[in-house]
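Peer 1: no sequence on hand, only this structure:
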C-alpha cells in the first residue's frame, strides 16, 4: 500500500532541532514506501535552495506558492494539467497589485519570488472587510496566517486542492496519506479527511479550527519530531535495527540512535482500545436538542427507536453518533440512556457530508435514479472525513474482539478504515435503504473506493433477498464478499395499537373516500406522480368528483438539503393546478399538508383513511405501511371496513405484504390511477380478507428482538459465507 507524507516546511518539517530532522530523514530512508511531498508557501526556487540541506528528505512532489504551483520533485518541472487547473482564473500579479495598492497596511514581500500568487505582510488590524472584498472582487481567494502573512491566490488554489488533484492523478487513497502542518495556511490540508498531525508549537488559530477532531494527532514534540511521532503512532515506521545487526560487516554505525518504533502496546498504530463489547454507529442521535429540551423522534418506529430498544433491553454497549447543529449548544446534559459517544461535526463539514455527498451523490443512486446524482470532490472529502472520524471513534470505544454494528450508506467507508486500524473487530452493516443494481452502483465516480471498503465487512444485512443479491453482485470479483442475510425490520406493534385505542371516535374531516399518503418530501416517494395520477383518475372517472380526497401529508426535509427544492416547488405547483381544475364549492381533490404530524396525529390520519397509498420509486422497507395495518386492526369498530393498503412494487415491504396489499408501479401514471381506482371500488368482504391477511403477515416481532438477532449474526459471522438468513441466538 502507498503511504504519502504531505508536509509543510517552515515550522513543520524545518521545525525542531537538527537531531530531530536527521532522525526523521533516516527513518524515511529506511522506509522507501513512505513518499514525501512538500506543501509550502515558498516558491520553487526557495525550495530548490533548501534541498541542499542534507538533513531534509528528498520530496517526490513539491506543492509551492500556497498551492498555486505543483512541480516534480526530481527536476522541478510543472505538473500539468494540474498546475494549469489550479491557476484557472488568476488575473495576474500586476492587476492584483494595482487593485490592492490603496491598502497601506499591505507590505509587499520583496525578495520572495512569487508565481501564480501575491504575498504580503499584514498586521492583524489591517485584515478588514474592505480588503477581503477587494480580493474577492478580483475573483481570487485569500489566506491569512500567523497574524502576519496575507496571500492572494487563484480561486481554486490551496494546498488541499493541490493534494486532492495529485491524489486523483496518482491513485492515492485518503487512508494512505498523512498531512502535517503548523499554521492556518495548512488548514485546507486538514480538510481532506486523511490522517493528520499538528506539530507542537502550532499557530493557536489552527488548533482552534480543528478542536475536537479525533483524526488529528497533536504531539507535544515540535517540527520534525512531531511528524516522526505521528508516523510511529500510525505504524508506518519499523524500529531501527540495533547497532551491528542486519548490516554487512556487522560494525556499529555512526549517526542517531535507533528509532524506538510505535508506542508500547500500539504496534499497528491503533487508537486506544475501549471497553465496550458492542459499538453501534449511526450518524443520527436518538435525541435532538430543540432549543429547550432533548426530544426523541416523532415516530415510535424506524431506525432510531429500533436502536434505542437495543439499549433499553440492557444490551451492553455504546452508540457512536454525530453531534451537530443545536446539539452543540444544549444547555442541559443529554440523558444517560441510551449511552452515547458523540463525534463532533462542524456545520460546514456536516453540510458537505450529509446535505451534499449523502443526499445529492449517494441517495439518487440508491433510489435507482443515477441521473440525479451530483458529485464534487470537496463534498466527498467531507464524507471521507466524517467516516474517518467515526472509524477512529469506534476503534477507541471498542474492546478487543468487539462487535461493531454500522447502519446505512452514510458510513460506507468505515468498514475499510476499521479493518486497517482494528482488524480484531467483527463489523456488520445493516442497509435500511435499497441497494442498487451493480450497473447503477458503478455510475458513482467513487464506486471502486466504496466497494473496497464494503468488502472488508464481516456481515451485511438487508430487508429483502433482492437487495442482498444486488450487493453480492456488486462485490463479485473483488477481494471478498461478506456474509449476507435478510432481516426485514418490523414495528413496535403494541405502541401503535396503544395509540390507536386511545383515540376517540372521529368524524370524517373530508367528504367522500379518503386516500392517505404520509411521507417526507422526497422525489423517491413519488409525490408528484401521485398528484398526476389523481388528475388522471378524475379524468377517467368524473363521477368521483366531490367524492374523493387525497390527503398528502408531506413535511419538508431537514434545512440545508437543496436536492429536494425542485421537487417541493413542482409539487406545490401541480397541487394548485389539479385543485384549480377540479375543485367545486366546498371541495378540492388534494388536501396537501406540508408539515409534520405528531405520533397521535399520524395514527388519527391512519384511522380516518380508506386507502393508504404508498408509491415509493424505491424503498428499503416503508414502515408507514406496517403502522397502517397495526392501527386499522387494533380497533373492533374498524374491522367492518378496515381500509386498503396500496403498496409500491419497489418498496421493501412488498416482499412481506405483497400477497395481501394491492401492488402498484409508481413509474406508470396509468397503473397508479388504475390500482387506486380498484382500491376505492374493492368490495367490503375483500377489504376485510386482505386486511386480516396483512395483520397475520405483519406478525408481532419486536424491533428489540430484530436487533438482538442481528448482533448475534455479526458476532458469529464466518468470513466469506453468504446466506439468506441467520440462526437466532
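Peer 2: Good, I have the coordinates. Keep in mind that what you see is a predicted model, and the values were worked out from it rather than measured.

Peer 1: and the helix or strand harbouring residue 625, what's its mean pLDDT?
Peer 2: Residue 625 belongs to helix 623-632 when assigned by DSSP states H and E. The pLDDT scores in helix 623-632 average 95.

Peer 1: same question, stretch 182-197
Peer 2: The average pLDDT within stretch 182-197 is 92.

Peer 1: for stretch 695-704, same thing?
Peer 2: Mean per-residue pLDDT for stretch 695-704: 90.

Peer 1: buried residues, it. List them.
Peer 2: For stretch 695-704, the neighbour count (16 or more other C-beta atoms under 10 Å) marks 695, 697-698, 702-704 as buried. Every C-beta, even on glycine, is put in place using the N, C-alpha and C of the backbone.

Peer 1: now stretch 657-677
Peer 2: Across stretch 657-677, burial judged by 16+ other C-beta under 10 Å covers 657, 660-666, 669, 671-677.

Peer 1: again, but for stretch 604-620
Peer 2: Judged by neighbour count using 16+ other C-beta under 10 Å, the buried positions of stretch 604-620 are 604-620.

Peer 1: pLDDT of that stretch, averaged?
Peer 2: For stretch 604-620, mean pLDDT is 95.

Peer 1: coming back round to it: dump the buried residues of stretch 695-704 into a markdown table; add secondary structure as well.
Peer 2: Converted to a markdown table, those look like this (DSSP: H, G, I helix; E, B strand; the rest coil):
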| residue | secondary structure |
| --- | --- |
| 695 | helix |
| 697 | helix |
| 698 | helix |
| 702 | coil |
| 703 | helix |
| 704 | helix |
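
Peer 1: I'd like the residues you listed as JSON lines, with distance to residue 523 appended.
Peer 2: What follows is the buried residues of stretch 695-704, written out as JSON lines (distance: C-beta to C-beta, whole Å):
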{"residue": "695", "distance to residue 523": "32"}
{"residue": "697", "distance to residue 523": "29"}
{"residue": "698", "distance to residue 523": "28"}
{"residue": "702", "distance to residue 523": "33"}
{"residue": "703", "distance to residue 523": "28"}
{"residue": "704", "distance to residue 523": "33"}
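
Peer 1: any idea how far the helix holding residue 625 is from the chain center?
Peer 2: Distance of helix 623-632 from its chain centroid, counting by C-alpha atoms, centre = their mean, to the nearest Å, is 30 Å.

Peer 1: what does it rub up against?
Peer 2: Applying C-beta atoms under 8 Å, 6 or more residues apart in numbering, the contact partners of helix 623-632 are 299, 301-302, 489-491, 493, 496-497, 499-500, 518-519, 602-603, 606-607, 609, 612, 614, 638, 642-643, 645, 647, 651, 653, 657, 661, 691, 694-695, 698.

Peer 1: which element follows that helix toward the C-terminus?
Peer 2: Next element after helix 623-632 (DSSP H and E): strand 644-648.

Peer 1: quick one: strands adjacent to that following strand?
Peer 2: strand 611-614 (parallel), strand 662-664 (parallel) (DSSP bridges).

Peer 1: top helix in this protein by residue count?
Peer 2: When the chain is parsed with DSSP state H, its longest helix is helix 377-397.

Peer 1: OK, contacts around residue 564?
Peer 2: 521-523, 556-557.

Peer 1: let me redo that: residue 16
Peer 2: Residues near residue 16 by C-beta under 8 Å, 6+ apart: 199, 221-226.

Peer 1: those, buried ones only, as a PyMOL selection?
Peer 2: Buried subset of the contacts of residue 16, written as a PyMOL selection, criterion 16+ other C-beta under 10 Å:
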select buried, resi 199+221+222+223+224+225+226
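
Peer 1: adding secondary structure as columns, could you present the contacts of residue 16 in a markdown table?
Peer 2: Output for the contacts of residue 16, formatted as a markdown table (three-state DSSP):
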| residue | secondary structure |
| --- | --- |
| 199 | coil |
| 221 | coil |
| 222 | strand |
| 223 | helix |
| 224 | helix |
| 225 | helix |
| 226 | helix |
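
Peer 1: contacting residues around residue 294?
Peer 2: 287-288, 330, 332, 334-335.

Peer 1: now do 7 Å
Peer 2: Residues in contact with residue 294, defined by C-beta atoms under 7 Å, 6 or more residues apart in numbering, are 287, 334-335.

Peer 1: residue 35 now?
Peer 2: Under the criterion of C-beta under 7 Å, 6+ apart, the neighbours of residue 35 are 2-5, 60.

Peer 1: quick one: buried ones out of those residues?
Peer 2: Among these, those classed as buried by 16+ other C-beta under 10 Å are 3-5, 60.

Peer 1: and which of the residues you listed is nearest to residue 139?
Peer 2: For these, the minimum distance to residue 139 (C-beta to C-beta) is 31.3 Å, reached by residue 4.

Peer 1: nearest spatial neighbour of the closest one, chain-adjacent residues omitted?
Peer 2: residue 177 (4.6 Å; C-beta to C-beta, 6 or more residues apart in numbering).

Peer 1: wait, isn't the one you found in contact with residue 5?
Peer 2: No. Counting by C-beta atoms under 7 Å, residue 177 does not reach residue 5; the two are 8.1 Å apart.

Peer 1: could you list the low-pLDDT ranges of the stretch 151-300 of the chain?
Peer 2: Along the stretch 151-300 of the chain, the model assigns pLDDT under 70 to residues 212, 214, 239-274, 298-300.

Peer 1: please enumerate the helices of the stretch 451-600 of the chain.
Peer 2: Counting by DSSP state H, counting those that start in this stretch, one finds helices in the stretch 451-600 of the chain at the ranges 465-475, 493-502, 527-540, 565-582, 599-608.

Peer 1: please name every helix or strand in contact with the fourth one.
Peer 2: Packing partners of helix 565-582 (3 or more C-beta pairs under 7 Å, 6 or more residues apart in numbering; DSSP states H and E): helix 527-540, strand 590-593.

Peer 1: format these as CSV; extra columns: mean neighbour count and mean pLDDT.
Peer 2: Formatted as CSV, the helices and strands packed on helix 565-582 follow (neighbours: other C-beta atoms under 10 Å; pLDDT from 0 to 100):
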stretch, mean neighbour count, mean pLDDT
helix 527-540, 20, 97
strand 590-593, 18, 96
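
Peer 1: any chance of a markdown table for the ones you listed, columns distance to residue 570?
Peer 2: As requested, the helices and strands packed on helix 565-582 are exported to a markdown table (distance: least, C-beta to C-beta, whole Å):
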| stretch | distance to residue 570 |
| --- | --- |
| helix 527-540 | 6 |
| strand 590-593 | 13 |
